[in-house]
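Novice: Starting from these lines, generate the structure:
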Amino acid sequence: MSFTYYNQDNAPEAAREELAASKKAFGWIPNLHAVMAEAPAVLTAYKQLHELFQQTSFNSAELTVIWQTINVENNCHYCVPAHSMIAKMMSVDPRLIQALVDNEPLPDEKLQTLKDTTLALMRHRGQLTKAELNDFKAAGYGNQQLLEILLGLAQKTISNYTNHLANTELDEAFKA
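Specialist: Residues are numbered from 1 along each chain as shown. Prediction:
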C-alpha cells in the first residue's frame, strides 16, 4: 500500500496546523507526521499522547526505556533511530540508549525492571503475574506508573504500526 507524505500545502485542511507545529518544533516535518496527516485525528492524537506521556512521573531515562523497549519489540525501523536522537537531545546516558537499541541488559536494575514490565504488559496484553507486579513495586514503582506505561504503549502503537503500514522513510536527521 502506498502512502502520501503530506506537507502544509497538500495536507487535508484539518492536518495543516499540526504539520505547521511539527515544522516549527523540528525545523522540518518528520516523515511520520507527513504520513499521519492522511488521517488528521490520528496525527493530533499521536502528538497529544506524546506530550501527555512526557508529563508523566517518568524522568528522561525512564521515558526512553519505555519508548525504546516498545520500538525495539515492535521492530520499528523508524522509531528506534528517531527516539535514539530524541534521547540524546534529552541528555540520556549513551550507554543506556545503546543497550536499549541492542536489546541488551540495562546498566541500572530499576530501569531493567521498567523494561521488563513494559515488555510483559505488551506481550501479555496488560496481564501481569504477581511476581512481575511485586518486582515492579519493589523497584519503587506503583500503580500510577503502571497506568502511565499504558499511555506510552498507546502512543508507540500508533507510530510503530503506522510505520509498518507505510514503510515510512527515515528522515535524514534521524539517520545519524
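Novice: make it CA atoms for all contacts and neighbour counts henceforth
Specialist: OK.
Novice: contacting residues for residue 81?
Specialist: With contact set as C-alpha atoms under 8 Å, 6 or more residues apart in numbering, residue 81 has these partners: 174-175.
Novice: mind checking which helix or strand it is in?
Specialist: Using DSSP states H and E, residue 81 sits within helix 79-89.
Novice: what does the helix or strand just after that helix contact?
Specialist: Of the helices and strands lying after helix 79-89 in sequence (DSSP H and E), the nearest is helix 94-101. Contacting residues not belonging to helix 94-101 are listed as 61, 64-65, 68-69, 72, 80, 84, 87-88, 105-107 [C-alpha under 8 Å, 6+ apart].
Novice: ditto for stretch 143-162
Specialist: For stretch 143-162, the external contacting residues (C-alpha under 8 Å, 6+ apart) are 32, 36, 42, 46, 49-50, 53, 56-58, 66-67, 70-71, 74, 76, 78-79, 118, 122, 168.
Novice: mind listing which of these are in helices?
Specialist: Using DSSP state H, the subset of the contacts of stretch 143-162 located in helices is 32, 36, 42, 46, 49-50, 53, 66-67, 70-71, 79, 118, 122.
Novice: From the contact counts, what lies against the helix or strand hosting residue 15?
Specialist: Here residue 15, judged by DSSP H and E, is contained in helix 13-26. Applying 3 or more C-alpha pairs under 8 Å, 6 or more residues apart in numbering; DSSP states H and E, one finds that helix 13-26 contacts helix 31-36, helix 40-53.
Novice: can I get these in JSON lines with distance to residue 93, mean pLDDT and mean neighbour count?
Specialist: Shown next, in JSON lines, are the helices and strands packed on helix 13-26 (distance: least, C-alpha to C-alpha, whole Å; pLDDT from 0 to 100; neighbours: other C-alpha atoms under 10 Å):
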{"stretch": "helix 31-36", "distance to residue 93": "26", "mean pLDDT": "98", "mean neighbour count": "23"}
{"stretch": "helix 40-53", "distance to residue 93": "20", "mean pLDDT": "98", "mean neighbour count": "17"}
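Novice: Need the contact partners of the worst-scoring helix or strand of the chain on mean pLDDT.
Specialist: Within the chain, no helix or strand scores below helix 172-175, which has a mean of 89 by mean pLDDT, DSSP states H and E. Outside helix 172-175, the residues within contact range by C-alpha under 8 Å, 6+ apart are 81-82, 85.
Novice: I am finished for the moment; much appreciated.
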